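> A predicted structure for the sequence below; I have some questions about it.
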Amino acid sequence: MSRLVFASLVGTGLAGDTLALTWEDCGDASTHGHTDDIQPTEIVIGQDNAITGTGSTDKTISSGSFTMKLTASLGISQTYTGKVCEAAEFTMPLGIGTLSWAGMACPVAVGPATVGLGVKLASALPSTLAQADVSLTAVDQDGEPALCINTHLQREAMVSEGVGATQCPGSGAWIHAKMELSATAQASCDTVKQEITDRIDGVNGWYDAHNRGTYSHGDFGGDVSASRLTGDGKYTDHMTFVLTPDGSGCKIEGCSESQSTSIADYGTNYCNLKLLYCGTDEGCKVASADFANSGENAKGSTGAGSGLDNCLKVMETQV
């Protein structure tokens, strides 16, 4: 099978992030169409992406049927069917978007051929995508195997516009709130790291001013990582910090992601990060070291709030 076109339009939550694409031809000796290569090897969130597979077919196809099986985060599992020579579009569950089949230009002669698969994710979704798999099979007019391809999309490290090369902890929830936050501290990175660590440990009576959530150390990447359980015990968020020397100061790049389905977070992911390093000049509690920070840049998913005023009041229920 010559050309597999996989068009993807992904929500604008964090445009510029990428999803790695891997694939395998799952056909056997009885399958008439085989794919030899698919390029490119990643798709860019926020852009239309055309992915082309090249190969061949050794039998003319005049009609037949296809089956697409979608599996993704949040336990999504759906099967879609249609006729190979006719275009079709399917609505995916939870309002996440549509999956479409472009239809083949029948009859397809022996040799090169073209087939199109399209994905459109709803713009209201956060742009992070944990993972998704689409298996595509087709049979011809005689019921013989015509095509078998498995494609896999996996979120890569975040490189977000205006925030920097932030390492994010990831989330098993496809639809979830997220915040990336950067600033420059007027202190060394060793001091900043120790202060973040001390606040996680509650040194000198430090506590989370945002509804008294509970922090604990994590292993999610970056120079420091942590987990936070909300004060009502209902929600868990993971976060990472990357610390880079910047003259006599330290550039802080943090990322916090909700671990359960959420859109509006009322500033929770912002506060998860901010409260671990802000100083008394902003009204924050300090564990050991008090330093100012400047040049704040916050970039969140659709529905994620920001601003320190969210952090010093009782958290509202996430949705």
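That came in fine, so what should we check first? Numbers count the residues shown, from 1 in each chain.
> residues near Ser65, how many?
Ser65 has 17 neighbours, counted by other C-beta atoms under 10 Å. Placement of C-beta: from N, CA and C, glycine included.
> how about the nearest residue to Thr91, chain neighbours excluded?
Thr98 (5.6 Å; C-beta to C-beta, 6 or more residues apart in numbering).
> Check Thr41 and give its pLDDT.
What the model reports as pLDDT for Thr41 is 81.
> From Thr22, how far off is it?
As for Thr41, its distance to Thr22 is 7 Å (criterion: C-beta to C-beta, to the nearest Å).
> surely Gly305 meets Gly267?
Yes. The pair Gly305 / Gly267 is scored as a contact, 3.6 Å apart, by C-beta atoms under 8 Å.
> For these two, indicate the residue with more neighbours.
In terms of neighbours (other C-beta under 10 Å), Gly267 is the more surrounded of Gly305 and Gly267; the figures are 25 against 19.
> wait, doesn't the more buried one sit right on Gly303?
No. Look at Gly267 against Gly303 with C-beta under 8 Å: they stay out of range, at 10.7 Å.
> re the thing from before, what are the bridge partners for the residue nearest to Thr91, then?
Per DSSP bridges, residues listed as beta-bridge partners of Thr98: Thr91, Lys120.
> OK, contacts around it?
Contact partners of Thr98, counting by C-beta atoms under 8 Å, 6 or more residues apart in numbering, are 89-92, 118-120.
> Within the helices and strands, which one has Ser225?
In the assignment (DSSP states H and E), Ser225 maps to strand 224-229.
> For that strand, which strands pair with it and how are they oriented?
In the sheet, strand 224-229 lines up against strand 214-217 (antiparallel), strand 236-246 (antiparallel) (DSSP bridges).
> Which stretch among the ones you listed approaches Val139 most closely?
For these, distance to Val139 was read as C-beta to C-beta. The smallest value, 43.9 Å, belongs to strand 236-246.
> which is the next helix or strand following that closest one?
Sequence-wise, the next helix or strand downstream of strand 236-246 (DSSP H and E) is strand 249-258.
> Can you list phi and psi of the residue of the chain positioned farthest from its centre for me?
Relative to the C-alpha centroid of the chain, counting by C-alpha atoms, centre = their mean, Asp142 is the outermost residue, at 40.9 Å. Here is the backbone geometry of Asp142 (degrees, to the nearest 10): phi -100, psi 10.
> got a pLDDT number for it?
pLDDT, Asp142: 97.
> Could I have the buried ones of the contacts of Thr98 as ChimeraX selection syntax?
The ChimeraX selection below is limited to those of the contacts of Thr98 classed as buried (16 or more other C-beta atoms under 10 Å):
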select :90,92,118,119,120
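> got the contacts of Thr98 as JSON lines, with pLDDT and distance to Asp237 columns?
Output for those, formatted as JSON lines (pLDDT from 0 to 100; distance: C-beta to C-beta, whole Å):
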{"residue": "Glu89", "pLDDT": "91", "distance to Asp237": "35"}
{"residue": "Phe90", "pLDDT": "92", "distance to Asp237": "33"}
{"residue": "Thr91", "pLDDT": "89", "distance to Asp237": "30"}
{"residue": "Met92", "pLDDT": "79", "distance to Asp237": "26"}
{"residue": "Gly118", "pLDDT": "78", "distance to Asp237": "33"}
{"residue": "Val119", "pLDDT": "74", "distance to Asp237": "28"}
{"residue": "Lys120", "pLDDT": "73", "distance to Asp237": "29"}
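> which of the contacts of Thr98 lies closest to Asp201?
Asp201 has its nearest neighbour among those in Met92, at 43.2 Å by C-beta to C-beta.
> Grab the nearest non-local neighbour of that closest one.
Distances taken as C-beta to C-beta, 6+ apart put Leu99 closest to Met92, at 5.7 Å, once the chain neighbours are dropped.
> So for that neighbour, what's the pLDDT?
82.
> my read: it touches Met68, true?
Yes. In this structure, Leu99 sits in contact with Met68. The criterion is C-beta under 8 Å, and the distance is 6.5 Å.
> Give the residues shared as contacts by those two.
Overlap between the neighbourhoods of Leu99 and Met68 consists of 80, 90, 117, 134, taking contacts as C-beta under 8 Å, 6+ apart.
> need the contact list for the last one.
Read it as Val134. With contacts defined as C-beta under 8 Å, 6+ apart, the neighbours of Val134 are 68-70, 99, 117, 119, 150-151.
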